[in-house]
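Trainee: here is a sequence with its predicted model. Questions after.
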Amino acid sequence: MMDAAEFIPHQKPMVFVDHLLEANDEFAVAELQITSELMFCEASGLPTWTSIELMAQTISAYAGHKGQGKGLPPKIGFLLGTRKMQLPCAYFALGSTVRIRVEQSYLHEGLGQFSCQIEYQEHQFSAMLSVFEPENMNDMIGMHA
(Lines give C-alpha, C1' and ligand atoms only; values in the text may rest on other atoms or scores of the structure.)
Protein backbone atom coordinates (compact mmCIF):
# COMPACT_ATOMS: atom_id res chain seq x y z
CA MET A 1 0.00 0.00 0.00
CA MET A 2 1.44 3.36 -1.08
CA ASP A 3 0.48 6.93 -0.16
CA ALA A 4 -1.39 8.12 -3.25
CA ALA A 5 -0.41 11.76 -2.60
CA GLU A 6 3.18 11.02 -3.68
CA PHE A 7 1.92 10.26 -7.21
CA ILE A 8 -0.67 13.07 -7.57
CA PRO A 9 0.28 16.72 -8.27
CA HIS A 10 -2.31 17.99 -5.74
CA GLN A 11 -2.13 18.96 -2.09
CA LYS A 12 -4.67 18.72 0.72
CA PRO A 13 -7.54 19.51 0.74
CA MET A 14 -7.74 18.60 -2.97
CA VAL A 15 -6.37 15.05 -2.56
CA PHE A 16 -9.27 12.58 -2.51
CA VAL A 17 -7.42 9.28 -2.86
CA ASP A 18 -5.69 7.87 0.23
CA HIS A 19 -3.79 4.81 -0.96
CA LEU A 20 -2.57 3.35 -4.20
CA LEU A 21 -3.04 -0.37 -3.61
CA GLU A 22 -1.82 -1.69 -6.94
CA ALA A 23 -0.46 -0.23 -10.19
CA ASN A 24 1.03 -1.66 -13.36
CA ASP A 25 1.14 -0.75 -17.06
CA GLU A 26 -2.56 -1.47 -17.63
CA PHE A 27 -4.44 -0.49 -14.47
CA ALA A 28 -4.35 0.95 -10.95
CA VAL A 29 -6.41 0.37 -7.82
CA ALA A 30 -6.78 2.99 -5.10
CA GLU A 31 -8.94 3.47 -2.03
CA LEU A 32 -10.43 6.28 0.00
CA GLN A 33 -11.72 6.28 3.57
CA ILE A 34 -14.75 8.60 3.76
CA THR A 35 -14.24 11.17 6.54
CA SER A 36 -15.93 14.43 7.45
CA GLU A 37 -12.66 16.30 6.68
CA LEU A 38 -13.01 15.65 2.94
CA MET A 39 -13.85 18.64 0.79
CA PHE A 40 -17.53 18.58 -0.28
CA CYS A 41 -18.46 16.19 2.56
CA GLU A 42 -21.95 16.71 4.03
CA ALA A 43 -23.75 15.32 7.07
CA SER A 44 -25.01 12.43 4.90
CA GLY A 45 -21.49 11.64 3.66
CA LEU A 46 -19.52 12.39 0.51
CA PRO A 47 -21.85 13.03 -2.46
CA THR A 48 -21.31 10.43 -5.16
CA TRP A 49 -21.09 13.13 -7.84
CA THR A 50 -17.48 13.40 -6.60
CA SER A 51 -16.89 9.98 -8.18
CA ILE A 52 -15.57 11.66 -11.31
CA GLU A 53 -12.82 13.29 -9.22
CA LEU A 54 -12.04 10.02 -7.41
CA MET A 55 -11.65 8.33 -10.78
CA ALA A 56 -9.60 11.18 -12.24
CA GLN A 57 -7.24 11.23 -9.26
CA THR A 58 -6.77 7.48 -9.49
CA ILE A 59 -5.81 7.97 -13.16
CA SER A 60 -3.40 10.68 -11.98
CA ALA A 61 -1.90 8.28 -9.42
CA TYR A 62 -1.60 5.64 -12.17
CA ALA A 63 0.26 8.10 -14.42
CA GLY A 64 2.39 9.36 -11.53
CA HIS A 65 3.36 5.81 -10.57
CA LYS A 66 4.39 5.07 -14.18
CA GLY A 67 6.33 8.34 -14.33
CA GLN A 68 8.08 7.66 -11.03
CA GLY A 69 9.37 4.42 -12.51
CA LYS A 70 11.11 6.61 -15.12
CA GLY A 71 12.40 9.07 -12.51
CA LEU A 72 9.81 11.75 -13.34
CA PRO A 73 7.76 13.82 -10.85
CA PRO A 74 3.93 13.79 -10.95
CA LYS A 75 2.60 15.82 -13.88
CA ILE A 76 -0.51 17.92 -14.31
CA GLY A 77 -3.18 16.32 -16.48
CA PHE A 78 -6.58 17.40 -17.70
CA LEU A 79 -9.94 15.70 -17.44
CA LEU A 80 -11.55 16.17 -20.85
CA GLY A 81 -14.85 14.46 -20.22
CA THR A 82 -16.81 11.44 -19.14
CA ARG A 83 -19.25 9.03 -20.72
CA LYS A 84 -21.59 6.42 -19.32
CA MET A 85 -21.35 7.64 -15.70
CA GLN A 86 -23.42 5.40 -13.43
CA LEU A 87 -24.16 6.64 -9.87
CA PRO A 88 -26.41 4.08 -8.14
CA CYS A 89 -26.71 5.98 -4.83
CA ALA A 90 -26.42 9.57 -3.63
CA TYR A 91 -23.74 9.40 -0.90
CA PHE A 92 -20.71 7.47 0.30
CA ALA A 93 -21.38 7.08 4.05
CA LEU A 94 -18.97 8.48 6.63
CA GLY A 95 -16.59 5.80 7.89
CA SER A 96 -16.94 3.67 4.76
CA THR A 97 -14.20 2.82 2.27
CA VAL A 98 -14.44 3.02 -1.50
CA ARG A 99 -12.15 1.19 -3.88
CA ILE A 100 -11.42 2.78 -7.26
CA ARG A 101 -10.08 0.84 -10.26
CA VAL A 102 -8.98 2.49 -13.50
CA GLU A 103 -7.91 0.60 -16.59
CA GLN A 104 -6.24 2.19 -19.59
CA SER A 105 -8.25 1.58 -22.74
CA TYR A 106 -6.34 3.94 -25.03
CA LEU A 107 -3.26 6.15 -24.77
CA HIS A 108 -1.59 8.04 -27.62
CA GLU A 109 0.49 11.23 -27.47
CA GLY A 110 -0.88 12.15 -24.05
CA LEU A 111 -4.53 11.57 -24.94
CA GLY A 112 -6.06 8.69 -23.03
CA GLN A 113 -9.28 6.94 -22.19
CA PHE A 114 -9.86 4.87 -19.07
CA SER A 115 -12.55 2.47 -17.97
CA CYS A 116 -13.25 3.28 -14.31
CA GLN A 117 -15.13 1.48 -11.54
CA ILE A 118 -15.80 2.26 -7.91
CA GLU A 119 -16.77 -0.50 -5.50
CA TYR A 120 -18.84 0.74 -2.57
CA GLN A 121 -20.78 -1.65 -0.37
CA GLU A 122 -23.07 -3.57 -2.75
CA HIS A 123 -22.89 -0.81 -5.39
CA GLN A 124 -20.81 -0.64 -8.55
CA PHE A 125 -20.12 2.81 -10.04
CA SER A 126 -18.70 3.08 -13.54
CA ALA A 127 -17.65 5.59 -16.19
CA MET A 128 -15.34 6.12 -19.14
CA LEU A 129 -13.01 9.09 -18.61
CA SER A 130 -11.06 10.91 -21.32
CA VAL A 131 -7.88 12.62 -20.16
CA PHE A 132 -4.93 14.54 -21.57
CA GLU A 133 -1.41 14.82 -20.16
CA PRO A 134 0.68 17.28 -22.18
CA GLU A 135 4.32 16.42 -22.75
CA ASN A 136 5.35 19.93 -21.76
CA MET A 137 2.95 22.07 -19.69
CA ASN A 138 4.79 25.30 -20.59
CA ASP A 139 4.11 24.70 -24.28
CA MET A 140 0.42 24.12 -23.46
CA ILE A 141 -0.04 27.47 -21.77
CA GLY A 142 2.10 29.45 -24.22
CA MET A 143 5.18 29.94 -22.00
CA HIS A 144 8.58 29.32 -23.48
CA ALA A 145 11.77 29.05 -21.49
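Mentor: Nice, I can see it.
Trainee: tell me which element the spatially most central residue of the chain falls in.
Mentor: What sits nearest the mean C-alpha location of the chain, by C-alpha atoms, centre = their mean, is Gln57, with 2.0 Å. Element membership for Gln57, per DSSP states H and E: helix 51-68.
Trainee: what's that helix packed up against?
Mentor: Other helices and strands packing on helix 51-68, by 3 or more C-beta pairs under 8 Å, 6 or more residues apart in numbering; DSSP states H and E, are strand 19-23, strand 27-33, strand 78-86, strand 97-108, strand 111-120, strand 123-132. The way it works is simple: take the backbone N, C-alpha and C, and place the C-beta from them, glycine included.
Trainee: shouldn't the residue nearest to the centre of the chain be in contact with Ala4?
Mentor: Yes. Between Gln57 and Ala4 there is a contact under C-beta atoms under 8 Å: 7.4 Å.
Trainee: spit out the residues that contact those two alike.
Mentor: Counting by C-beta atoms under 8 Å, 6 or more residues apart in numbering, the common neighbours of Gln57 and Ala4 are 15, 17, 30.
Trainee: who's in contact with the last one?
Mentor: Read it as Ala30. Contact analysis of Ala30 by C-beta under 8 Å, 6+ apart lists 4, 17-21, 57-58, 61, 99-100.
Trainee: and Ile52, how many neighbours does it have?
Mentor: 18 (other C-beta atoms under 10 Å).
Trainee: look up the pLDDT of it for me, please.
Mentor: Note for Ile52: predicted pLDDT of 96.
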